[in-house]
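1. predicted model and sequence follow; I will ask about them next.
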Amino acid sequence: MAQPAFAANALLAGNPTSSASTPPSAVTAPPGSGNSNNTFLMTASPVRNRKAASDGYKPKIITTVGAKPACLVNASVNYVGDDLIYAFGGFDQYTDEVYNHVLKLNLTSRQWQLVDNYGDIPGVRMGHTANLWQGDKLLVFGGENEHRQHLSDVIVFDLKTAYWTQPEVNGPPPRGRARHSAVIHDEKLYISGGQTGHDSVLDDISYLDLKTWQWSRTWKFVPRYDHASWIWNGRIWIFGGINEEMEKSNEIWWLDLRGSPGFDSAMNYGTGERQMISSRYNRLPNSGSGQPATGSTGYVANSSVQSYPSSYSASRSPYTTPGSISSLKFHSSPNLPSQAAGMHFHVFSSGSMLDFVTPAELSCETSLSSLELDTLRWQKLADGKDLFSPTYRWHYCTTNTEGTHAWLLGSPVEPVGDGNGISPGEYLSDVLVIDLRKYGILGNELATETRPKIPSSDANVSSHLTGIGADLSTCFDQAPETGSGADFMITADPDDLDFDASPTTEAGSSTTAVAPVSRPIHVHKLILHARWPHFARLWSAQMAEFHSKKMHIPEPYSAVRAFLFYLYTDSIAQHPQHGPSLSDVAGMLVMANIYDMPRLRLLCVNRLGRELDIEHAAIIWERASTANEDWLKRRAATFCLQNWGRIVRTAGFKSLSHASLIELCSESDIDSQVVGGEALDLINNGRSYGGIGSNRKRSLGSAGVAAVEDEGDEEGEDDGMDVN
């Protein structure tokens, strides 16, 4: 989707880290809205943007050596752990030769190696899928061989022994296919979509039970190929790919697996319906040359080829899927990446679908965006120039099972200068290494931990917390006389007029006044010692607080209280009554930086990035600057500049220090100017975007149709979604 060149967008490239420092702690810390008529910042000078792009985190490109594979098409590429990436199959786009080679890339030594492999070596193939299974195996399904025949075989490659095995599967397999998707969940391999030999798009879904090696029945789902699929929250999701009209799709579909008997276990083989289908499969002749599916090694693929006349698929009566199917189509949104431009890679991490839009041509807009599956809301995490050099083309993307890192494999556009006359793009010579945590991505394990899993105890069944945290929360900040067992007291800087902020005096002196402190927070030494590494070190060293059983933390009271509540509950989730506000989380981010608590830091960055809003944007920007969180700082600065007219009227903006106000204003480009009204309309010149403070909003859908609608006083965005 075409976007105007906002200065705010340019700021996503990075900004110098603020020199603001956190006030020293009293204990030793480890190292560590109105309806305005205008406002909007235009960019004019790219100089500052280029300079800013070099600041903060920037993914690195590593160049590989050794037996670099040809720039394969429709191969499988998997990160398997231990800094190793495996590639299998595919065809050479220059020679059209189809391979069954196994290649290994050691990311530590940056070296490619051809792997000697043994056993039931599969035939050559492309468009197959390979899934990491049990941590040390690759499970390969389907694909297309050199005779353009489509396969439905299953082969397992043991990464430790380099040995191929052919499991004995039960029941008729799904139709042979290529460019489908496959995902493993709960010891089941789910197969969906793909292409057959007659360029028809398959619309089915089935699974292979990996405990019994039994194929399930095939159900009707959604026609797609070259799509991505994953399983989250009891549903299988599908996004992207190409539909029956041969158009790139921006629809997302999902199928409920929970509570559907058909997905609980594989259908018993041998029913009348299944036997009839099996016999029809077996009677159909193979298409193509009629030869067995062999590869260049002479080994026969371990199942029959399945390609059927188009009349056959039309005559079948597909089974109705037992679970409910839903779909949603995105029409327009300021953060919606156009699927028609660029080279897209869709991966799943932390309850979100990540969309890497990489360069396909020099003028292509690139980005990293996320689609939160809980809210079905798009967010733009980073501008493409922070991630992707226009001089490289990326062909494959793989992630680790934790969802914290991604690796893109590709090659430079320009010829390499080694004197060998190698054409650009002939080899998968380079790898782009991306730490997703730098963009507020939690990782799959941490995201799962933050979701309710363990019910609260019988004593606290109505609590929004889970497990023992629900019980401990009832003991938090309760005075000792209530029987809570609290044996330690913490004070903070007052941040509310209701607090007792009267000046106090130092012990033993009646004249020396010190800064006012907040009301005390009553806590338990045992919990602090177990959950707060800094406190454990302080206690072991028997510092002054060990004897006085008191501590003062020179941070705002609300942030300190939220931080201590996190130690009790292991949660910073939003809750109307008990959960910390965004301001509290912003303060906790600073404390996580002071006390070197990376898990809490990542939780804070993730929530602040997802829930960034008008009222808190300025505060989040300032706290991110203090905590040296460059990505969050740039994201908040961009949001502030794009919504400047509303931001400057918030209490958060007015509470900033003078130095912070100057720095935030300096985030804009040096040639930026505030425009509005008729001048803004002239600058727009027909381009479609939402002008802040204007009385209408224009948006451009993926089909290039402009829609105009009243905005009124609403601050929210129209996500432009159709739900089926």
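-> Ah, there it is.
2. contacts, neighbours, all on C-alpha from now
-> Will do.
3. so who does the spatially closest residue to Pro261 that is not a sequence neighbour touch?
-> Sequence neighbours aside, Pro322 is the residue nearest to Pro261 in space, at 7.4 Å (criterion: CA to CA, 6 or more residues apart in numbering). Residues near Pro322 by CA atoms under 8 Å, 6 or more residues apart in numbering: Ser260, Pro261, Gly262, Phe263.
4. if we go to 10 Å?
-> Pro322 makes contact with Trp219, Lys220, Leu255, Asp256, Leu257, Gly259, Ser260, Pro261, Gly262, Phe263, according to CA atoms under 10 Å, 6 or more residues apart in numbering.
5. need the residues you listed in TSV with neighbour count, can you?
-> Shown next, in TSV, are the contacts of Pro322 (neighbours: other CA atoms under 10 Å):
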residue	neighbour count
Trp219	19
Lys220	18
Leu255	20
Asp256	20
Leu257	20
Gly259	11
Ser260	13
Pro261	12
Gly262	16
Phe263	20
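6. my read: Leu409 touches Asp430, true?
-> Yes. In this structure, Leu409 is within contact of Asp430 by CA atoms under 10 Å, at 5.9 Å.
7. mutual contacts of these two, please.
-> Here Leu409 and Asp430 have Ile61, Ile62, Tyr392, Arg393, Trp394 as joint contacts, going by CA under 10 Å, 6+ apart.
8. what number of residues lie near the residue lying closest to the third one once chain neighbours are set aside?
-> The spatially closest residue to Tyr392, leaving aside those adjacent along the chain, is Pro412, at 4.2 Å (CA to CA, 6+ apart). Neighbours of Pro412 under the rule other CA atoms under 10 Å: 20.
9. how far away is Pro412 from Ile238?
-> 31 Å (CA to CA, to the nearest Å).
10. next, count neighbours for Arg531.
-> For Arg531, using other CA under 10 Å, the count is 16.
11. who's in contact with it?
-> Contacts here follow CA under 10 Å, 6+ apart; on that basis Arg531 touches Lys525, Leu564, Tyr566, Leu567, Tyr568, Asp570.
12. from those, pick the one nearest Met489.
-> Lys525 (9.2 Å; CA to CA).
13. list the beta-bridge partners for the residue nearest to that closest one when sequence neighbours are not counted.
-> Excluding its sequence neighbours, the residue lying closest to Lys525 (CA to CA, 6+ apart) is Phe488, at 6.0 Å. Counting by DSSP bridges, Phe488 is bridged to Val523.
14. just checking, Leu132 touches Phe141?
-> No. In this structure Leu132 lies outside contact range of Phe141 using CA under 10 Å: 11.9 Å.
15. mind giving me the domain split of the chain?
-> By the record's domain assignment, the chain is partitioned as 7-55+672-701, 454-665 (automatic domain parsing).
16. could you tell me the least trusted of those?
-> Across those, domain 7-55+672-701 has the smallest mean pLDDT, namely a mean of 43.
17. how many residues are close by Val675?
-> Around Val675 there are 16 residues (other CA under 10 Å).
18. hmm, the residue nearest to Lys525 is touching Ile521, no?
-> Yes. Counting by CA under 10 Å, Phe488 touches Ile521, with 8.4 Å between them.
19. let me see the contact set for Ile62.
-> Counting by CA under 10 Å, 6+ apart, Ile62 touches Leu107, Arg110, Leu409, Ser429, Asp430, Val431, Leu432, Val433.
20. hey, what's in contact with both of Phe488 and Ile521?
-> Asp477, Ala479, Lys550, Met551.
21. who wins on neighbours among these?
-> Within the shared contacts of Phe488 and Ile521, neighbour counts (other CA under 10 Å) peak at Asp477, which reaches 20 neighbours.
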